[in-house]
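**Q** Just need the structure, nothing else, for what follows:
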Amino acid sequence: MKLEERHIKKIDPLLRDALRDAKGDEVLRAVMVLGPQGIDARKEYRGQELASSQFPSHEAYRKALIERRQSELVHDTGETRQALEDLSLTLRGGKISKTVVVEGSARQILASLELSGVRHASLDQPIGLIEPRRRGDKRSKK
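**A** Have a look, this model is predicted:
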């Protein structure tokens, strides 16, 4: 598929290569960082400042912080999330951060890069875990 410079600026090299090699119907999964949609949405929403002294317990304070964060996300990324769903992409995550996992055809992923609210996209890939060294483990240092 043909990528333009505005697309390449938003994506990592692995997603760039996957989209370039794609015919259009291949299913891809990408991790996207979202922001407000549109030119006038540059200013992100910030909820009321909260202090732990305002709440009867640590749990109540934590719950209020989570609710405020979710309200901020709805304000900041709600339109972008809706636009991605309108492209028939499947979204997961994004409940407490601006990062979502998006799945759909290469053509749909490419179309999503046209949205101003899609800030960055990376091809989803397995993450290897490194086991911590245990006490007394005599592995050689390289």
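**Q** for this structure, what's the longest helix?
**A** In the chain, assigned by DSSP state H, the helix with the most residues is helix 58-86.
**Q** Where does Ile109 fall, secondary structure wise?
**A** Assigned by DSSP states H and E, Ile109 falls within helix 106-112.
**Q** who does that helix touch, helix- and strand-wise?
**A** When contacts are defined as 3 or more Cβ pairs under 8 Å, 6 or more residues apart in numbering; DSSP states H and E, helix 106-112 sits against helix 13-21, strand 27-34, strand 99-105, strand 118-123. Placement of C-beta: from N, CA and C, glycine included.
**Q** Any chance of JSON lines for those, columns distance to Ser71, mean neighbour count and mean pLDDT?
**A** What follows is the helices and strands packed on helix 106-112, written out as JSON lines (distance: least, Cβ to Cβ, whole Å; neighbours: other Cβ atoms under 10 Å; pLDDT from 0 to 100):
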{"stretch": "helix 13-21", "distance to Ser71": "31", "mean neighbour count": "16", "mean pLDDT": "96"}
{"stretch": "strand 27-34", "distance to Ser71": "15", "mean neighbour count": "21", "mean pLDDT": "96"}
{"stretch": "strand 99-105", "distance to Ser71": "17", "mean neighbour count": "19", "mean pLDDT": "96"}
{"stretch": "strand 118-123", "distance to Ser71": "20", "mean neighbour count": "20", "mean pLDDT": "96"}
